Every structure is written in structure tokens, then in C-alpha cells.
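**Q** Kindly generate the corresponding structure for this input.
(one chain, ligands or ions: 1)
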Amino acid sequence: MAEIIDGKALAEDVVAKVKTETARLTETGVTPGLAVVIVGEDPASQVYVASKSRRAKECGFHSVQHSLPQETGEEELVALVEELNADPAIHGILVQLPLPKHIDEGRIIQTIDPDKDVDGFHFINVGRLGTGTLGSAFVPCTPAGAMLMLERVRGRDLSGLSAVVIGRSNIVGKPMANLLLAANATVTIAHSRTKDLPALARTADVLVAAVGRPEMIRGDWVKPGATVIDVGINRIPAPEKGEGKTRLVGDVAFAEAKENAGAITPVPGGVGPMTIAMLMANTLTSAFRTAGLEPPAF
Ligand code: GUN
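**A** The predicted model follows:
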């Protein structure tokens, strides 16, 4: 039976450290500032953004939220981002994705000042991560959180371990692969066109699932003793809970996989809570850098 890696508890540890360090920084006259921007009414995005703003306040940050209507124009959004870039009270800018279809998402991301890009999506930060220049990079929050969970089980140095990342998105799969490489793992990125995915998965000491398909990774894909990091959050029908009810599952068939894994992250309560905690950590890091101080390590 696998060890269950508790993302909720670990996220609380991260947030507790952010609070302590925020108090220390605030004494020097600098309060970390996070601006969250949302366009449109998508209910899931509204929930995410509200919890990001709430967490920021809880950490002692200067927290601002800009909620713009669905019909907001691209130029208007560019102007808001430029205003936030120039605002010395703001250290982190997050524009919630997806944006409405009429707005060029890529243009908006590239408008964000790379040194305030706490999502780590700007080309400059992608390049910093890709070249292992981690001292000045912002690392995307979900893979950063996944790495902290992995570290709890395997330590910081993954020398000699093989890692398989299933999924090649810019938000999770690719940055995750780069982080694993920076930690000295031998990394393979697999995706929908990979041949014999179960056999490849079975070679992994560290298996990361980031495909967005409910319970796709079965128990017999997991090498005995492997560490399994499940990044998927999928809502599926749960008729057993009553008509119209749903429940959250990951990309991994948890009940099966935990029989083989050495350690595994659950869904919910795994990588999910870590994402917002790492956003707080990235914002704090940005404020320390702006103040010319060495940021705390997470
Ligand atoms: N939408 C879903 N996840 C994210 C995220 O990590 N950052 C942003 N900006 N939007 C998202």
C-alpha cells in the first residue's frame, strides 16, 4: 500500500511560511502585491480566482482583483496589464485563462512584465526554466507544487531515477519535464501519439500524469514502488451520490494505482491545493527580488 502524499497539509506548510516571510518583508516597508485579472463569467474560473484573491489576503498581501466583462476588448486588457506592469505596489500579475475567444491569449501573456509573471508563462520565464536559470525564473505553479510533493518522498536530487511525464502542455507537462531534468532525473515526455504507453509508464520510478482524461492511467501501468504524481482534476458523473451529482477524479485510477505505487498523490487533496500555495510563494519571491533581497527557498 502506497504512502498518500497529503497536498492539503503541504500547501498549509507553504502558506504558513509565506505568511511568516511576508510579515518579515512588510517590516522593511514592502508588502507583496498580487493582481488577479479575470475576463468573463466562467463559473469554474470565478471560483479559482476568488480563492486566489482570498489566499493572497490571508497571506498579508496587497491583493487586487480586476473582474472585466466578457466583451472587454484586447486593447483594453493590454492597457490594464501595462498599468499593472508600471504599478510599484504590484509584484505579481495573473491573468486567468482561458480568455474569451476574441482576445489573443499569447499576446496578453507576452505583455506581462516577465519579472511580475508569477504564472511563469512568459517566453522569458519559459527560457529561464529551459536553460536551468532557476534563480531568476518564475516556475508555473502546478509543476512547482508537484515538485515539492515529489521532494517530500524522493528528496531534491533525482539522480539515477527515470521519470515519465504523460502530457506535453505548456502549463504542466513541458515545465514539469524541465524541473525533473534540473533535478537530475532521466526524463521521457509521453503523449497521445506515444506507442505502448502502458509499457513506457511501467519503466518510471516517477510517473507524472497530466493528460486531463479521467482515470486513464491504470494500476498495472505503475511500476512497484514508483512515486505517482496525479495532476489531473476531472469532474465525472457520480450517480451513486444521487441524480445529477458529480465527483472529482484524477488522471490516475487511484484505487488500483495505490496498490503498486510506493507513494501517490490523491485527487482531490493532492496537487490541486499546492497550485495556489505556489502562486503565493511566487508572488512573495517577486517582492523579495524587487526589494533586492534574497527570497526564501520553498
Ligand atoms: N487557468 C487554469 N489554471 C491556470 C493557471 O495556473 N494560471 C492561469 N493564469 N490561468 C489558469
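
**Q** Run through the neighbouring helices and strands of the strand or helix carrying Gly106.
**A** Per DSSP states H and E, Gly106 falls inside helix 105-111. Where contact means 3 or more Cβ pairs under 8 Å, 6 or more residues apart in numbering; DSSP states H and E, helix 105-111 is packed against helix 74-86. Every C-beta, even on glycine, is put in place using the N, C-alpha and C of the backbone.

**Q** Pull out the buried positions in the helix it packs on.
**A** Of the residues in helix 74-86, Glu74, Leu77, Leu80, Val81, Leu84, Asn85 count as buried by neighbour count, 16 or more other Cβ atoms under 10 Å.

**Q** Next, count neighbours for Asp6.
**A** Here the number of neighbours of Asp6 (other Cβ atoms under 10 Å) works out to 17.

**Q** List the contacts of it.
**A** Applying Cβ atoms under 8 Å, 6 or more residues apart in numbering to Asp6 gives the contacts Pro266, Gly269.

**Q** just checking, His66 is part of a helix?
**A** No: going by DSSP: H, G, I helix; E, B strand; the rest coil, the assignment for His66 is strand, not a helix.

**Q** For Ile112, see how far away the closest residue to the ligand within the stretch 1-150 of the chain is.
**A** Ranked by Cβ to the nearest ligand atom, the top residue of the stretch 1-150 of the chain for proximity to the ligand is Leu97, at 3.7 Å. The gap separating Leu97 from Ile112 is 12 Å, by Cβ to Cβ, to the nearest Å.

**Q** again, but for Val15
**A** Taking Cβ to Cβ, one finds Val15 at 24 Å from Ile112.

**Q** Who has more neighbours out of the two?
**A** Ile112 (24 against 18).

**Q** Roughly how far does the more buried one sit from Thr246?
**A** 34 Å.

**Q** what does the stretch 101-250 of the chain put close to the ligand?
**A** Asp119, Cys141, Thr142 (Cβ under 6 Å from any ligand atom).

**Q** For the second one, give me its contacts.
**A** Under the criterion of Cβ under 8 Å, 6+ apart, the contact partners of Cys141 comprise Val118, Asp119, Gly120, Met274, Thr275, Ile276, Met278, Leu279, Asn282.

**Q** again, 7 Å this time
**A** Applying Cβ atoms under 7 Å, 6 or more residues apart in numbering, we find Cys141 in contact with Asp119, Thr275, Met278, Leu279, Asn282.

**Q** One more: Ala204?
**A** Ala204 neighbours (Cβ under 7 Å, 6+ apart): Ser162, Ala163, Val164, Lys223, Ala226.

**Q** now, among those residues, which is nearest to the ligand?
**A** Ala163 (21.5 Å).

**Q** distance of the nearest residue to Glu74 once chain neighbours are set aside from Thr72?
**A** Spatial nearest neighbour of Glu74, chain neighbours left out: Ile103 (4.8 Å); criterion: Cβ to Cβ, 6 or more residues apart in numbering. Distance of Ile103 to Thr72, computed by Cβ to Cβ: 8 Å.

**Q** Please enumerate the shared neighbours of those two.
**A** Contacts common to Ile103 and Thr72, judged by Cβ under 7 Å, 6+ apart, are Val39.

**Q** quick one: buried residues of stretch 32-47?
**A** Within stretch 32-47, judged by 16+ other Cβ under 10 Å, the buried ones are Pro32, Gly33, Leu34, Ala35, Val36, Val37, Ile38, Val39, Gly40, Ser45.
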